[in-house]
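Colleague: need the 3D shape of this:
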Amino acid sequence: MRLTEVEVQIVKEVLRGFLAEKGPTLKRPLVTQFRDPEALAHLVQSNVLEVLDQRSYLPKALAFHCCGEPDTLRAAKQAVQVIAHVLQNLFDEGLEKTQFSSFEIEAHARKMYGEVERETIKLGLYLAREFHEIVCGWGMNPQNTEVTFVTINEYIVTVKDIDGIWDDHMRQYSPRAEEPVQPVSLSERNILLAALRLFCRDAEMENLLVNAHNIKAPRLSVGAGFELHVGWLLGLFGLPTVALGKYEHIVAPETNVRRASVDILASDGNRKLLLVVACTLNPPKAEDFGNLRNAREIVLREAFAGTDVRVVPVLFTAAMGCAPCDREGGGDCVPIVDADKMKELLGFLRDGQETRLFEFLANPDPNALPYFLLH
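Modeller: This is a model prediction of the structure:
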């Protein structure tokens with residue numbers, strides 16, 4: 001990722017505030033010093049900086065990667081490698097628990113390495129939040145500068161090259177233009193189309209578009225209007241969407257049995273992510289989540305078997321005061337976006353913080369295990 005000279009200087013200032021002063025950097029002094037609010041917005045949109053309460057900034061892993069200071073980059077890279085090794089070792093010990101405090105992790109690191117600087121542990125835990133293959137939940141101090149506990153993702157056992165985890169992450173989020181494009185299947189090349197075919201066959205889609213003059217569209221009910229506008233919201237976060245309408249059901253072709261239903265499909269090709277979305281005007285019920293989980297399994301197995309596409313069930317509701325996610329039996333977490341959360345998401349859009357949607361989906365409840373990190 002290439003930054004302008006001003007952006008690099010801003011990143012260095014935020015890193016200085018985080019590493020030397022142990023806190024976030026206020027927005028106002030940055031705007032006053034560098035005279036470039038657009039540069040700040042671009043750094044947030046590019047996932048280099050994290051913004052807190054619209055008035056202060058903290059560095060993300062890409063900030064260390066792009067700062068142009070070898071010692072700072074080396075310290076961050078080493079810290080993540082240490083934490084990844086420690087968490088993998090803790091998981092391999094076969095203990096029932098998967099959640100560990102920062103003090104427990106530091107103590108285990110000293111057993112493994114002897115002398116380990118506490119700052120290395122703190123920095124590694126802070127950055128590990130972005131490495132979802134090793135961590136799937138965490139808690140923070142009030143300043144959001146230190147991690148108090150983490151939950152180890154069981155997929156940590158699939159990480160073969162712990163020492164290369166930093167470089168792999170940077171290749172994913174800061175790709176080089178010269179890397180060759182590899183041919184991929186439809187399921188990976190066009191995630192949305194691959195999923196849509198389960199609901200609406202190619203011939204039907206062609207008929208809807210080519211013979212539109214012969215097809216009468218239904219008037220929207222209140223519920224259908226809500227689905228339409230949820231689709232708008234997801235589109236504003238950069239996700240291509242399909243509001244399925246009367247094609248919401250996955251139907252067995254031989255018997256016409258309705259196997260599951262989904263209101264909206266949304267995809268992110270870069271993240272290899274598909275959202276299967278259900279919408280309800282009322283507080284969600286248990287059967288709403290059961291249907292979503294079933295739809296997710298059907299889509300995952302029948303459209304994306306053998307790929308690394310992640311299928312995430314999400315429920316949108318116009319109700320207020322809902323939990324951040326639903327956990328069946330205390331396990332898998334299905335994110336819930338209620339009216340309060342939608343208002344918050346609109347605020348993120350206005351402030352140029354589009355990545356905050358994905359941060360919520362990745363960690364809606366620090367005490368739960370998000371669906372798409374488990375499967």
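Colleague: hey, let's count contacts and neighbours off CA atoms from now on
Modeller: OK.
Colleague: so where's the stretch 101-250 of the chain uncertain?
Modeller: Along the stretch 101-250 of the chain, segments meeting pLDDT under 70 span 174-186, 188-189, 209, 217.
Colleague: at 90 instead, please
Modeller: Under the criterion pLDDT under 90, the flagged ranges of the stretch 101-250 of the chain are 114-115, 132, 136-137, 142, 160, 169-221, 224-225, 236.
Colleague: likewise the stretch 251-375 of the chain?
Modeller: Scanning the stretch 251-375 of the chain for pLDDT under 90 picks out the ranges 252-254, 256, 269-272, 305-309, 327-333, 347-356, 358-375.
Colleague: helices along that one, start to end?
Modeller: Here the stretch 251-375 of the chain has its helices, by DSSP state H, counting those that start in this stretch, at 286-303, 339-350, 355-362.
Colleague: run the chain-centre distance for the last one.
Modeller: This points to helix 355-362. Distance of helix 355-362 from its chain centroid, counting by C-alpha atoms, centre = their mean, to the nearest Å, is 4 Å.
Colleague: name the residues of it that are buried.
Modeller: By neighbour count on 16 or more other C-alpha atoms under 10 Å, the buried set for helix 355-362 is Thr355, Arg356, Leu357, Phe360, Leu361, Ala362.
Colleague: tabulate these (TSV), appending distance to Ala61.
Modeller: As requested, the buried residues of helix 355-362 are exported to TSV (distance: C-alpha to C-alpha, whole Å):
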residue	distance to Ala61
Thr355	14
Arg356	15
Leu357	18
Phe360	18
Leu361	19
Ala362	16
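Colleague: so which of these is the closest to Ala39?
Modeller: Thr355 (16.4 Å; C-alpha to C-alpha).
Colleague: for the closest one, what are its contacts?
Modeller: With contact set as C-alpha atoms under 8 Å, 6 or more residues apart in numbering, Thr355 has these partners: Gln45, Asn47, Phe237.
Colleague: how about the backbone phi and psi for the residue nearest to the last one when sequence neighbours are not counted?
Modeller: By the measure of C-alpha to C-alpha, 6 or more residues apart in numbering, the closest residue to Phe237 outside its immediate chain neighbours is Glu354, 5.6 Å from it. The main-chain torsion angles of Glu354 are listed as degrees, to the nearest 10 and equal phi -60, psi -30.
Colleague: got the domain ranges for the chain?
Modeller: 5-66, 70-173, 186-373 (automatic domain parsing).
Colleague: hey, where'd the strands end up in the stretch 201-350 of the chain?
Modeller: Ranges of strands within the stretch 201-350 of the chain are 241-243, 249-251, 258-261, 264-268, 273-280, 310-317, 325-327, 332-337, based on DSSP state E, counting those that start in this stretch.
Colleague: please produce JSON lines containing those, extended by mean neighbour count and distance to Asn144.
Modeller: Below are these laid out as JSON lines (neighbours: other C-alpha atoms under 10 Å; distance: least, C-alpha to C-alpha, whole Å):
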{"stretch": "strand 241-243", "mean neighbour count": "19", "distance to Asn144": "33"}
{"stretch": "strand 249-251", "mean neighbour count": "19", "distance to Asn144": "42"}
{"stretch": "strand 258-261", "mean neighbour count": "17", "distance to Asn144": "39"}
{"stretch": "strand 264-268", "mean neighbour count": "24", "distance to Asn144": "28"}
{"stretch": "strand 273-280", "mean neighbour count": "23", "distance to Asn144": "27"}
{"stretch": "strand 310-317", "mean neighbour count": "24", "distance to Asn144": "26"}
{"stretch": "strand 325-327", "mean neighbour count": "21", "distance to Asn144": "22"}
{"stretch": "strand 332-337", "mean neighbour count": "24", "distance to Asn144": "22"}
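Colleague: among those, which is nearest Asn190?
Modeller: Comparing those by their distance to Asn190 (C-alpha to C-alpha), the top pick is strand 264-268, with 8.8 Å.
Colleague: helices or strands next to the closest one in the packing?
Modeller: Applying 3 or more C-alpha pairs under 8 Å, 6 or more residues apart in numbering; DSSP states H and E, one finds that strand 264-268 makes contact with helix 191-196, helix 222-236, strand 241-243, strand 273-280.
Colleague: tell me which of the ones you listed lies nearest to Val11.
Modeller: Closest approach to Val11 among the helices and strands packed on strand 264-268 is made by helix 222-236 (26.6 Å; C-alpha to C-alpha).
Colleague: give the buried residues for that closest one.
Modeller: Using 16+ other C-alpha under 10 Å as the test for burial, helix 222-236 gives Ala224, Phe226, Glu227, Leu228, Val230, Gly231, Trp232, Leu233, Leu234.
Colleague: repeat that for stretch 86-99.
Modeller: Those would be Val86, Leu87, Gln88, Asn89, Leu90, Phe91, Gln99, for stretch 86-99 by 16+ other C-alpha under 10 Å.
Colleague: average pLDDT for that stretch?
Modeller: What stretch 86-99 shows for mean pLDDT is 89.
Colleague: quote the end-to-end distance of that stretch.
Modeller: Using C-alpha to C-alpha, to the nearest Å, the end-to-end distance of stretch 86-99 comes to 13 Å.
Colleague: same thing with stretch 52-69?
Modeller: Stretch 52-69: ends 25 Å apart by C-alpha to C-alpha.
Colleague: buried set for it?
Modeller: Buried, per 16+ other C-alpha under 10 Å, within stretch 52-69: Ser56, Tyr57, Leu58, Pro59, Lys60, Ala61, Leu62, Ala63, Phe64, His65, Cys66, Cys67.
Colleague: for those residues, work out which two are farthest apart.
Modeller: Among the buried residues of stretch 52-69, the pair separated by the greatest distance (C-alpha to C-alpha) is Ser56 and His65, at 20.4 Å.
Colleague: ok, now which ones touch the residue lying closest to Lys22 once chain neighbours are set aside?
Modeller: With C-alpha to C-alpha, 6+ apart as the criterion, Lys22 has its nearest non-adjacent residue at 7.1 Å, and that residue is Thr145. Going by C-alpha under 8 Å, 6+ apart, Thr145 touches Phe18, Lys22, Gly23, Pro24, Leu58, Tyr126.
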